[in-house]
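J.: need coordinates for the following:
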Amino acid sequence: MGQGKYPVHPILLIDDEESWLCSLELLLARHAGINNVICCSDSLQVMEILAHQRCSLALLDYTMPSLSGNELLAMIQHEFPALPVVMLTGLDRVETAVECLNAGATDYFIKTHEGERLVAGVKRILLQQQIEQENRRLKSGLLKAELNHPECFKSIVCQSRSMEAVLHYVEAIAEGSQPVLIQGESGVGKELIAHALHLVGRPSAPWVAVNAAGLSDEQFCDTLFGHDRGAFPGATRVRKGLIEEAGGGTLFLDEIGVLSPASQLNLLRVLQDGEFYPVGGDRARKTRVRFVVVTNQNLAHLVREGAFRSDLYYRLRMHQLDIAPLRERLEDIPLLLDHFLQTAAVEFGKKRPTPPPELANLLRSYHFPGNVRELRNMVYDAVGRHQARKMSMESFRRAMGRTGQEMEESVDLQRPLVSFGDELPTIAQTVEQLLDEASLRAGGNQSVMASMLGISRSALNKRLKKLREE
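T.: Predicted coordinates for the structure are as follows:
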C-alpha cells in the first residue's frame, strides 16, 4: 500500500466549473489525505466513466448544463444503486436538500461555506464502506475452514478453535485502516498476530515497531512525530518520526498500557485527526499509517481505575483481539512442541530428538505463566542439553519446578499407563481413580483434566457431578 492511492477506488467529482473541481480536489487532499479522484466537468460522460471504473462515491453538483444533478442522481441510482452520491449546491435551500435526499442522495452540502462538513461527510462515508467490507469478509471467513492467506500465518502454530477464530478475524480486518488493539498475557504471541495482520493487509508497505515502555512524554513525541530543526537544544537537523517512516504501512506500538496521560492525549489526537505536528513544527502532516497496539494489561480495567483515557480506549478498540493464554488452548501444545523441536534442532545443528510420549501430557499439566515463549525456552534448553537419541524430560521437570522431593511424591509419568493387581476394580472404581489421578496431575484444573482424558469440559463436569451424587 505504501504511499499509494487512497481510497483504493477513486472518488468521482462532477461539476461543470473546472476551477471548483480543482479546489475540491485540493480540499480533499489537504484535509482528508484523499489522492485518488476522477474529475469530470461534462455530465454527459458520467455514466460512461462509471461503466468502466468502480468508484467509492460520487460528489455531484446540483446545477449543471446538459444533465442536471437530479437527473444524473436518478440515473446513478438506477444503474449503480450501491454507489453513494453526495449532492453539492450553491443554493442554501431546505427544499433542495429534502428533494435530493428523498431522491436517494447520501448527503447534501452547500459548496460555498461547508468545506469542513463536506470533508467530514466524505470521511464518514469511506469509513462506513470500510466497516461494511470488513463485516462481509468476516462473515465469509467464519463460514470457511481455510484461510485465504495461509502463507502470512506460517509463524503462528496452532489448531485450537480460539486461535483459528483469531486468524480468520485478522484476515477480515487486515485491509482496513482503523486501529487494532491486541490484548493478552506476556508470551502469547501478540506481535506475531500483529505482523500477520500487516502481511495480509499491507505486505509491500513498511512495518515499524516501537516499545512505549520507558519513554518519557518528550521521547514519545520525538519518537513518533519527529522534530524540526531548532525544536530544542541539539536539534540541528530535521528528524522524521516513526509515523512518517511507516508511511502508509503499520506502526506497531507495544506496551500501550504504560503511556502517561500526556502521551495518551497526543496519540488520541493522531487517531482522531489523521495528522500530527513534529516537535517544534507549526504545519500539520497527514498520515494514513495503521496503528496496531498491544498490551498485556486489561485496558478496560485501567479505564475504570482512571489510569487510561476512555476516549482513547474506545478509539483503539475499533477492532479488538484477545489472545487466550496457552493453558486455555492445550490442544496447541503438541503442535508447538513439534515445531520448536524442529526449529531448535536446526538452530543447534542437531538431529531432531524424539520426545517421550509422556512429555505432551506433562506439558499439558503445567499452567505456563510465560505462555508460548516459556514453552519455546523449555524446548530450546532441552534440545541444547540433549545428547542421547530419546529426549529426557528432566530439563522440563526442572523448568516446571518439579524436582527433588516434589517429584518423588508425584506420579512417575514413565510407568505403564494402566496397571492392575490380582483383583480387578469395578468400572465405577476405575473411573473414580482415573478422575482422582487426572485431578492430581492437573492440579485441580478442569480444563487440563479434560484435555488429558480426551473428553470435553462439559463431559468431565457431568462425570464429576455423577461421582458426587453416588
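J.: lowest-scoring secondary structure element of this structure by mean pLDDT?
T.: Lowest by mean pLDDT, DSSP states H and E among the helices and strands of the chain is helix 404-409, with a mean of 45.
J.: wait, a strand at L321?
T.: Yes - L321: assigned to a strand according to DSSP: H, G, I helix; E, B strand; the rest coil.
J.: any idea how far it is from N148?
T.: Going from L321 to N148 by CB to CB, to the nearest Å gives 18 Å. Just so you know, the C-beta spots here come from the backbone N, C-alpha and C atoms, and that holds for glycine as well.
J.: my reading is that S439 lies in a helix. Confirm?
T.: Yes - with three-state DSSP as the criterion, S439 is located in a helix.
J.: contacts only, for the residue most central in space within the chain.
T.: The centre of the chain sits closest to V180, judged by CA atoms, centre = their mean, with a distance of 4.5 Å. V180 makes contact with I173, A194, L197, R290, F291, V292, V293, M318, H319, Q320, L321, according to CB atoms under 8 Å, 6 or more residues apart in numbering.
J.: what ranges do the helices span in the stretch 1-150 of the chain?
T.: 18-32, 46-52, 69-79, 94-102, 115-143 (DSSP state H, counting those that start in this stretch).
J.: tell me who's in contact with I256.
T.: Applying CB under 8 Å, 6+ apart, we find I256 in contact with L181, A212, V293, V294, T295, L299, L316.
J.: looking at those residues, spot the one nearest E347.
T.: Proximity of the contacts of I256 to E347 (CB to CB) peaks at V294, which lies at 26.1 Å.
J.: stretch 106-113: end-to-end distance?
T.: End-to-end span of stretch 106-113 (CA to CA, to the nearest Å): 19 Å.
J.: render the CA-only coordinates of stretch 334-351 in CSV, please.
T.: These are the backbone C-alpha positions of stretch 334-351, laid out as CSV (Å, rounded to 0.1, in the frame of the first residue of the first chain):
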residue,chain,number,x,y,z
PRO,A,334,1.7,-30.9,20.8
LEU,A,335,2.0,-28.8,17.6
LEU,A,336,4.1,-26.2,19.3
LEU,A,337,6.3,-28.9,20.9
ASP,A,338,6.9,-30.5,17.5
HIS,A,339,7.6,-27.1,15.9
PHE,A,340,10.1,-25.9,18.5
LEU,A,341,11.9,-29.3,18.5
GLN,A,342,12.4,-28.9,14.8
THR,A,343,13.5,-25.2,14.8
ALA,A,344,15.8,-25.8,17.8
ALA,A,345,17.4,-28.8,16.2
VAL,A,346,18.1,-26.7,13.1
GLU,A,347,19.5,-23.8,15.1
PHE,A,348,21.8,-26.1,17.2
GLY,A,349,22.8,-28.2,14.1
LYS,A,350,21.4,-31.4,15.7
LYS,A,351,19.2,-34.1,14.6
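J.: start the count at 688 instead of 1 going forward.
T.: Yep, numbering from 688; the last one is stretch 1021-1038 now.
J.: show me what counts as buried in it.
T.: L1023, L1024, H1026, F1027, L1028, T1030, A1031, A1032 (16 or more other CB atoms under 10 Å).
J.: got it, and stretch 896-916?
T.: Residues of stretch 896-916 classed as buried: 896-897, 899, 902, 907-915 (neighbour count, 16+ other CB under 10 Å).
J.: grab the two from those residues that are most spread out in space.
T.: Checking these with CB to CB, the most distant pair is A896 and D915, at 24.5 Å.
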